[in-house]
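# no letters, just coordinates:
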């Protein structure tokens, strides 16, 4: 079953800024997400709903994406950007 993938307004704006290898990594991830659904991110957060529906995927270097699985077969990319080390 193909997963429907949507981008939040914030994620759309962030994706528009991607170039080069970051853009290629993001496009590849979206394709993988459509094809494999919740198996694509490989990392699900634990906790009560809605936290348990959130997944984080490392794309490349410090680039990460946060995905919400609203329902089976429907995923929302909430945000993407660089991971910063805690200060």
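That came through, no problem. The shown structure was predicted, so the numbers you read here are calculated from the model rather than taken from an experiment. Numbers count the residues shown, from 1 in each chain.
# how about the lengthiest helix in the chain: buried residues?
Counting residues, the longest helix in the chain under DSSP state H turns out to be helix 20-36. Neighbour-count burial for helix 20-36, counted by 16 or more other CB atoms under 10 Å, picks out 22, 25, 26, 29, 30, 32, 33. Yep, even glycine has a C-beta here, placed from its N, CA and C like the rest.
# contacting residues for the first one?
Okay, so that is residue 22. Contacts were defined as CB atoms under 8 Å, 6 or more residues apart in numbering; by that measure residue 22 touches 59, 60, 61, 63.
# give the ChimeraX command for selecting the buried subset of those residues.
What follows is the ChimeraX syntax for the buried subset of these, where burial is set by 16+ other CB under 10 Å:
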select :59,63
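# ranges for the helices of the protein?
Under DSSP H, the chain gives helices at 9-16, 20-36.
# report the inter-axis angle for the longest helix of the chain versus helix 9-16.
Relative orientation of helix 20-36 and helix 9-16, computed by axes from the mean of the first three to the mean of the last three CA atoms, to 10 degrees: 130 degrees.
# where are the low-confidence patches of the protein?
Low-confidence segments of the chain (pLDDT under 70): 44-52, 84-87.
# hmm, back to that, nearest to residue 2 among the contacts of residue 22?
residue 59 (20.8 Å; CB to CB).
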